[in-house]
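Engineer: just a sequence and a predicted model for now, questions to come.
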Amino acid sequence: MSSPALPNEPWEAVEVGEDLGSLDYVMTAEMIADYRRVVDNPHAAYPTVAARHPANLFYRKYRAQLRVPNTGHDSEYFNPPLPGKRINVSARIADKYIRREKPYLIIEATATDEDGRLIEISRLVGLARPIGEPAHAEVARKWGK
Amino acid sequence: MGQVGELKLKELHVGDRLPTFTRQVTMDKMIEFEKVVWDRGRNSHTDAEIAQRDGLSKPLASGQNQMAFLHELMERTFGDSWVYGGKISVRYIHPVYAGDEITPNAIVKEVVEQSGQPRVQLEIWCENQNGQKTAAGKAWAGQPSASRNWMLREKEHTL
């Protein structure tokens, strides 16, 4: 593994396997309806599709040190959430690596409902940017926008 | 190359391309999307000033917008075979901005047997109105199913 092009001490301090804790919330019928409306899909099965689970737990711990603009997503889907059920999410650092001299973190979140049904396992691929550096500078550098 | 058309129960074969649709990304939708999925206040997906502070010239649509379009494509074709056991791996490779028109795509690359069940592997991507790929990756599901049990379960649960 080579070193990042820029010093990134917060990224270096993150440990693979690190527990990011858990959170829970009730998936309401209104939340499901709101998601379906905004994505123009009246039957969307997974209103949890967005990166909020892994990113939410990551930022609870690292908000002051790092940002992880989402460069990709790997997910597995098991049972769509049901309205009114409490969802529990736990997250961990699944991996970290350097690619093309840039530091990445893989943040994995597992969601189950109050009945123990596995809903999804979601892995956010994040480009680790220290606080103080423009989070999307890489997009600007690559695409000139 | 085959077209699946409306025959959702038709078995898919290597080279089949899924029928698709196009969605316009608007600033209003980007703002509402952020509020709905995780309301964390103004950010580079919703606010021009913050986008500029983050190195952009204007707000960038969240990659999850594209993920939602890919999900819809898979749900429409595969039904329960996607919803209960689907898998996706996608990378966001070109920025999407308000005003872009995004089309999700999928083509069957392989059909294998896993634990006695068929498993379809697809190459997936989104492209914008200029034909540029904005996201790319792979997805896996069983052969298309006519069942939409998640809708029934949800209905039963809310009655």
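Structural biologist: Cool, got the structure. Residues are numbered from 1 along each chain as shown, chains lettered A, B, ... in the order given.

Engineer: in PDB, list the C-alpha atoms belonging to the helix or strand of chain A with the lowest mean pLDDT.
Structural biologist: When the helices and strands of chain A are scored by mean pLDDT, DSSP states H and E, helix A:137-143 comes last with a mean of 71. Listed next in PDB are the C-alpha coordinates belonging to helix A:137-143 (Å, rounded to 0.1, in the frame of the first residue of the first chain):
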ATOM      1  CA  ALA A 137     -12.200  19.100  -5.000                       C
ATOM      2  CA  GLU A 138     -11.500  15.800  -6.800                       C
ATOM      3  CA  VAL A 139     -14.700  16.200  -8.900                       C
ATOM      4  CA  ALA A 140     -13.600  19.700  -9.800                       C
ATOM      5  CA  ARG A 141     -10.100  18.600 -10.600                       C
ATOM      6  CA  LYS A 142     -11.300  15.800 -12.800                       C
ATOM      7  CA  TRP A 143     -14.200  17.400 -14.600                       C
END
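
Engineer: that one packs against which elements?
Structural biologist: The contact analysis (3 or more C-beta pairs under 8 Å, 6 or more residues apart in numbering or on different chains; DSSP states H and E) places helix A:137-143 against no helix or strand. Using the backbone N, CA and C atoms, a C-beta is placed for each residue, glycine as well.

Engineer: residues making contact with that helix?
Structural biologist: A:69, A:102, A:127, A:129, A:134, A:145, B:54-57, B:60, B:94-95 (C-beta atoms under 8 Å, 6 or more residues apart in numbering or on different chains).

Engineer: repeat for stretch A:56-63
Structural biologist: A:10, A:14, A:20-23, A:68, A:89-91, A:105, A:107, A:109, A:124, A:126, B:38.

Engineer: now with 6 Å, please.
Structural biologist: Outside stretch A:56-63, the residues within contact range by C-beta atoms under 6 Å, 6 or more residues apart in numbering or on different chains are A:Leu20, A:Gly21, A:Ala91, A:Ile107.

Engineer: again, but for stretch A:111-126
Structural biologist: With C-beta under 6 Å, 6+ apart as the test, stretch A:111-126 has contacts from A:51, A:53-55, A:68, A:70-72, A:74-79, A:81, A:85-89, A:105-110.

Engineer: so among the residues you listed, which ones count as buried?
Structural biologist: A:51, A:53-55, A:68, A:70-72, A:74-77, A:79, A:81, A:85, A:87, A:89, A:105-110 (16 or more other C-beta atoms under 10 Å in any protein chain shown).

Engineer: among those residues, which lie within helices?
Structural biologist: Among the buried ones among the contacts of stretch A:111-126, DSSP state H puts A:His53, A:Pro54, A:Ala55 in helices.

Engineer: convert the strand ranked longest in chain B to CSV, retaining C-alpha atoms only.
Structural biologist: Secondary structure assigned by DSSP state E gives strand B:101-114 as the longest strand of chain B. The C-alpha trace of strand B:101-114 is given here as CSV (Å, rounded to 0.1, in the frame of the first residue of the first chain):
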residue,chain,number,x,y,z
GLU,B,101,-31.6,13.7,-17.9
ILE,B,102,-30.5,10.4,-16.6
THR,B,103,-31.3,7.0,-18.1
PRO,B,104,-30.5,3.8,-16.1
ASN,B,105,-29.5,0.8,-18.2
ALA,B,106,-28.8,-2.9,-17.7
ILE,B,107,-27.6,-5.7,-19.9
VAL,B,108,-27.4,-9.4,-19.0
LYS,B,109,-23.8,-10.5,-18.8
GLU,B,110,-24.1,-13.9,-17.3
VAL,B,111,-26.7,-16.4,-16.0
VAL,B,112,-25.4,-18.9,-13.5
GLU,B,113,-26.8,-21.4,-11.0
GLN,B,114,-26.4,-20.7,-7.3
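
Engineer: same question for that strand, mean pLDDT?
Structural biologist: Strand B:101-114 comes out with an average pLDDT of 96.

Engineer: mind listing what's buried along it?
Structural biologist: For strand B:101-114, by 16+ other C-beta under 10 Å, it's B:Ile102, B:Thr103, B:Pro104, B:Asn105, B:Ala106, B:Ile107, B:Val108.

Engineer: just the element for the residue nearest to the spatial centre of chain B, please.
Structural biologist: In chain B, the C-alpha nearest the mean C-alpha coordinate belongs to B:Leu70, at 1.1 Å (C-alpha atoms, centre = their mean). Following DSSP states H and E, one finds B:Leu70 within helix B:63-78.

Engineer: which residues touch that helix?
Structural biologist: Residues outside helix B:63-78 that contact it (C-beta under 6 Å, 6+ apart) are A:39, A:41, A:45, A:49-51, A:70, A:73, B:18, B:20, B:23, B:82, B:92, B:102, B:104, B:106, B:124, B:126, B:135, B:141, B:144.

Engineer: what angle sits between it and strand B:101-114?
Structural biologist: 50 degrees (axes from the mean of the first three to the mean of the last three C-alpha atoms, to 10 degrees).

Engineer: much appreciated, bye for now.
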